[in-house]
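Engineer: I'll drop the sequence and a predicted model, then ask my questions.
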Amino acid sequence: MLNAIDRFVVRMGQGIMAHRWLTVILSILLVGWFAYGARYLGFSTDYRVYFGPENPQLKAFDQVQNVYNKNDITMVVIEPPGDTTFNRETLSLVDTFTERAWGLPYVIRIDSVTNFQHTEAEGDDLKVADLVDNPAGLTDAELAAIRAVAINEPLLAGRLSSRDGRVLAVAVTHQYLGKSSMEVTEAVAATRQLRDELLAEYPEHRIYLSGSNMMSNTFAEASMADIQSLYPLMYGLLIVVVYLFLRSVTATAATVVIIVFSTVGAMGLAGYLGISLTSPSAISPIVITTLAVADSVHILVSLFALMREGKSKQEAMVESLRLNFMPVFLTSITTALGLLSINFADSPPLHDLGNISAMGSILAWLLSITLLPALIAIFPVKVPARKGSFMAARMMALGEWTVRNKRPVFWSSALISAALMAMIPLNEANDKFVHYFDERIQFRNDSDFMADNITGLYTMEFSLPAKNGVADPAYLAQLDAFKNWWYENPKVMHVSSVSDIFKRLNKNLHGDDPEWYRLPTERDMAAQYLLLYEFSLPFGLDLNNSINLDKTASRFIVTFEHLKSRETRETLFSGQQWLRDNAPDLAATGVSPAVMFAFIAERNFSSMAVGIPLALLGISVILVLALRSLKFGLVSLVPNLFPMGMAFGLWAIYNGEVNFTMSFSMGVMLGIIVDDTIHFMSKYLRARREQNISPEEAVVHTFRTVGPALLVTSLTLALGFLVLCYSAFYPTASMSLLTVMGIACALITDFLLLPVVLLWADREKASEQTMETACESSAS
């Protein structure tokens, strides 16, 4: 006898089949309205979007940025054809770039060797002028003198000049208005155009572009590269797999329509919500696609099985909807819940990815139970008249083998699962944010060249307070000691401190005597030095990027070669501890993009440690209510939890380093894993309740009926994410590979461990039924 839900689904299915064209038209109108919102979508090119507004590292960084000039910099690294940059042609190139760069969008400052404000004594006066003037007319002696200054000046060597004089750099600082998401892209495009123009004039030179501006823009470019190269491959593979399984052009075409409508509709809704795409959220179409395929395949597999049994297409579709309505509904709801749990993560792009994918999951469910049946009703569907299939037979054989060997299967599965989960603590949040991009991305290659030859992209900034003013000799001595301590670290490439400016000025105002290259001992004299120097600086090269307006704090910047996240955290803590121990009045927090990225993975996983249990609790409650059994709701925890733990254990063996996007894998894996569990358990319980067969028979029946669909949907999901493993954006590639591991573990768990657990959990009820049957037989 049909229950209320079954009766509703039957009436709904009959109505859709009878009004197929109306259903199609309404679906097109609804999805079209949703899709219209896609025009509001855009790519965010600001790396700051990866950090939530309450992120402590971002807040600390913004506080420092608000005190000094913004630090959105493009580093233009110039390599000459020979062994030295200190020749007329190369210095002319640097000088030309420095001058023309003022025409780039949003530029507020340009620093280079040629416009460096060199100071020297001129009688009793201080002469401040560009280090290089008219480079084409320099004599050999002047070139040698310029080189000597550049490779020995603390503010230049290791930042704008390599210490061996082979490479030079120009630092272009931008300050954006924040009115458009295209500002960074505009600045980067103009910088590249200027680079190309100068390379045409100086063809034997090479120019490399790095810095935070290039990094921000590369996040968006990496996403676009994936969309252009990986998405077509992924869609092609999925279509082939679906066709090979369904063996029906019509059914495959209908599935593609559901995929496209679900994806386009969800992306349009994202546009209405004002979501800006980023590298993580740009993969949401692939997540939606795999989920839409899973929904459609389950309905179509049942449809074909029923048609082979002799039912008409209309009868088979209505019955398929009845059989799959609750499982597909539950999988969509629980998948959405798993995806929405990602909102607990600290990184907003992961929120966007989870929310867009969740909307797509619900839309895919809605379309699979309305538009899909209507399309099948409209188009001709031919199903080979055969009673079984090779895959169903293989699945049934696997079910029988599992039942026969339930004890060894259970213990071997449990031991392997436990061994893998024991590896989880070996994972650590430890990566390099520059290496988020592989060698196919020019930014990665240019940044590696810069780090290998002149300076790094990894920095730590401190705004160090000076209670008696920055000209206080005691304060300057502490700055100098802090700088010297940093240089003991072999990974430090450069330290920028105003103490070096005071040393140089002290030497200049003592007749350029090298013996006076030391800190001034009198505060008033040091203050006069600073005032005299500031009055001599030209527009755009003031000290506002190093000293605050009221002269009560200075900016201290340490530049490193490539650092992993763990090294960054340890180095940061060491620096902050040195200040507390040796200069407590200067105690400050280190900030920078490198520092923010060093903590992002830890913060995301800590946040998801709350989100995943809550999502799992919600999913368990839904399953208890849907399955109408507390016992089976609790049983579902085993196949829902184990695969995720096993996947992270496998990752510890394979790599052991996790990044911030991998917290998204937890939500995705939870949603996908629950899908398989729901389909297996719902079919098992339906067989037990409606056909009144034994647990062993129900397990074999479930393998035969739902096993092929589970295998194909899992393969489809794995293929979708496997394609993303070739992404040039490493967080996407690693997250996808981890998800593939989770899907594989889920399939193995559902085919081996779950059936055995169901048999044991159902043993008591089965025994009672056997006794009742025996008593009835005796009485008769």
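Structural biologist: It's in. Numbering: from 1, shown residues only.

Engineer: got the contact list for the nearest residue to F329 once chain neighbours are set aside?
Structural biologist: Nearest residue to F329, sequence neighbours excluded (C-beta to C-beta, 6 or more residues apart in numbering): W365, at 6.4 Å. Every C-beta, even on glycine, is put in place using the N, C-alpha and C of the backbone. Contact partners of W365, counting by C-beta atoms under 8 Å, 6 or more residues apart in numbering, are D295, V328, F329, T331, S332.

Engineer: Could you rerun that using 10 Å?
Structural biologist: 258, 262, 291-292, 295, 325, 328-333, 335-336 (C-beta atoms under 10 Å, 6 or more residues apart in numbering).

Engineer: Please apply the same query to E142.
Structural biologist: Contacts of E142 by C-beta under 10 Å, 6+ apart are F86, R88, V132, D133, N134, P135.

Engineer: residues contacting the second one?
Structural biologist: The neighbours of R88, taking C-beta under 10 Å, 6+ apart as the test, are N134, P135, A136, G137, L138, T139, D140, E142, L143.

Engineer: so how far is Y176 from it?
Structural biologist: 36 Å (C-beta to C-beta, to the nearest Å).

Engineer: Please apply the same query to the last one.
Structural biologist: Note on P135: its distance to Y176, by C-beta to C-beta, is 31 Å.

Engineer: next one: the third one
Structural biologist: Applying C-beta to C-beta, one obtains 30 Å for the distance of V132 from Y176.

Engineer: which residues of the stretch 1-150 of the chain fall in strands?
Structural biologist: Counting by DSSP state E, counting those that start in this stretch, the stretch 1-150 of the chain has strands at residues 72-79, 107-111, 117-122, 125-130.

Engineer: Could you do the stretch 651-780 of the chain as well?
Structural biologist: 657-658.

Engineer: Listing request: residues of it with sub-threshold pLDDT.
Structural biologist: Scanning the stretch 651-780 of the chain for pLDDT under 70 picks out 764-780.

Engineer: Likewise for the chain?
Structural biologist: 1-2, 71, 384-389, 764-780.

Engineer: Would you mind giving the domain segments of it?
Structural biologist: 1-40+247-387, 56-213+440-591, 389-422+595-773 (automatic domain parsing).

Engineer: want to try a markdown table for those domains, with distance to F433 as columns?
Structural biologist: Below are the domains of the chain laid out as a markdown table (distance: least, C-beta to C-beta, whole Å):
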| stretch | distance to F433 |
| --- | --- |
| domain 1-40+247-387 | 12 |
| domain 56-213+440-591 | 8 |
| domain 389-422+595-773 | 4 |
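
Engineer: and the gap between the residue nearest to F329 and D500?
Structural biologist: 64 Å.

Engineer: related to what we said a few turns ago, higher neighbour count, P135 and Y176?
Structural biologist: When P135 and Y176 are compared for neighbours, P135 comes out ahead with 22 against 18, by other C-beta atoms under 10 Å.

Engineer: In contact with the more buried one, which residues?
Structural biologist: Counting by C-beta under 10 Å, 6+ apart, P135 has contacts 86-96, 113-114, 142-143, 146.

Engineer: Tally up the residues packed near V260, please.
Structural biologist: Counted with other C-beta under 10 Å, V260 comes out at 17.

Engineer: Which residues are in contact with L375?
Structural biologist: 20, 23-24, 27, 250-251, 253-255, 257-258, 367, 381.

Engineer: which of these count as buried?
Structural biologist: R20, T23, V24, S27, T250, A251, A254, T255, V257, I258, L367, V381 (16 or more other C-beta atoms under 10 Å).

Engineer: Same list (those) but as a markdown table, adding distance to G720.
Structural biologist: Below are these laid out as a markdown table (distance: C-beta to C-beta, whole Å):
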| residue | distance to G720 |
| --- | --- |
| R20 | 29 |
| T23 | 28 |
| V24 | 26 |
| S27 | 23 |
| T250 | 23 |
| A251 | 19 |
| A254 | 19 |
| T255 | 13 |
| V257 | 18 |
| I258 | 15 |
| L367 | 18 |
| V381 | 25 |
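
Engineer: between these, which is nearest A200?
Structural biologist: Checking these against A200 with C-beta to C-beta, the nearest one is V257 at 49.7 Å.

Engineer: what's the closest one in contact with, if anything?
Structural biologist: V24, S27, I28, V31, A292, S296, L367, L371, L372, L375.

Engineer: make it 7 Å
Structural biologist: L375 (C-beta atoms under 7 Å, 6 or more residues apart in numbering).

Engineer: now the helix or strand harbouring it, how far from the centre of its chain.
Structural biologist: Taking DSSP states H and E as the definition, one finds V257 inside helix 249-272. Its chain's C-alpha centre and that of helix 249-272 lie 24 Å apart, by C-alpha atoms, centre = their mean, to the nearest Å.

Engineer: Tell me the helix or strand right after it.
Structural biologist: helix 284-308.

Engineer: and the nearest residue to I73 once chain neighbours are set aside, how many residues sit next to it?
Structural biologist: Among residues not flanking I73 along the chain, G211 sits closest, at 4.5 Å (C-beta to C-beta, 6+ apart). Using other C-beta under 10 Å, G211 has 26 neighbouring residues.

Engineer: ok, back up a step: could you dump the strands of the stretch 1-150 of the chain to JSON lines with mean neighbour count?
Structural biologist: Listed next are the strands of the stretch 1-150 of the chain as JSON lines, based on neighbours: other C-beta atoms under 10 Å:
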{"stretch": "strand 72-79", "mean neighbour count": "24"}
{"stretch": "strand 107-111", "mean neighbour count": "19"}
{"stretch": "strand 117-122", "mean neighbour count": "17"}
{"stretch": "strand 125-130", "mean neighbour count": "15"}
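
Engineer: In contact with G399, which residues are there?
Structural biologist: Applying C-beta under 7 Å, 6+ apart, the residues near G399 are V699, V700, F703, R704, P755.

Engineer: Also A292?
Structural biologist: A292 neighbours (C-beta under 7 Å, 6+ apart): I258, I259, S262, A364.

Engineer: so M493 sits in a strand?
Structural biologist: Yes. According to DSSP: H, G, I helix; E, B strand; the rest coil, M493 belongs to a strand.

Engineer: Distance of it relative to R689?
Structural biologist: 70 Å.

Engineer: higher neighbour count, the two?
Structural biologist: Under the criterion of other C-beta under 10 Å, the comparison of M493 against R689 puts M493 first, with 22 against 11.

Engineer: how close does F539 sit to K551?
Structural biologist: With C-beta to C-beta as the criterion, F539 and K551 are 20 Å apart.

Engineer: Pretty sure A687 sits against F703.
Structural biologist: No. Using C-beta atoms under 7 Å, A687 is not in contact with F703; the gap is 10.7 Å.

Engineer: Looking at these two, which has the bigger crowd around it?
Structural biologist: F703 (27 against 21).

Engineer: Skipping its backbone neighbours, what lies nearest the more buried one in space?
Structural biologist: In space, F703 is closest to G399, 3.0 Å off (C-beta to C-beta, 6+ apart).

Engineer: and what of L168?
Structural biologist: T85 (4.5 Å).

Engineer: list the contacts for the one you found?
Structural biologist: Here T85 is in contact with I78, G165, R166, V167, L168 (C-beta under 7 Å, 6+ apart).

Engineer: ok, 10 Å please
Structural biologist: 78-79, 91, 93-94, 113, 147, 150, 161-162, 164-169, 205, 454.
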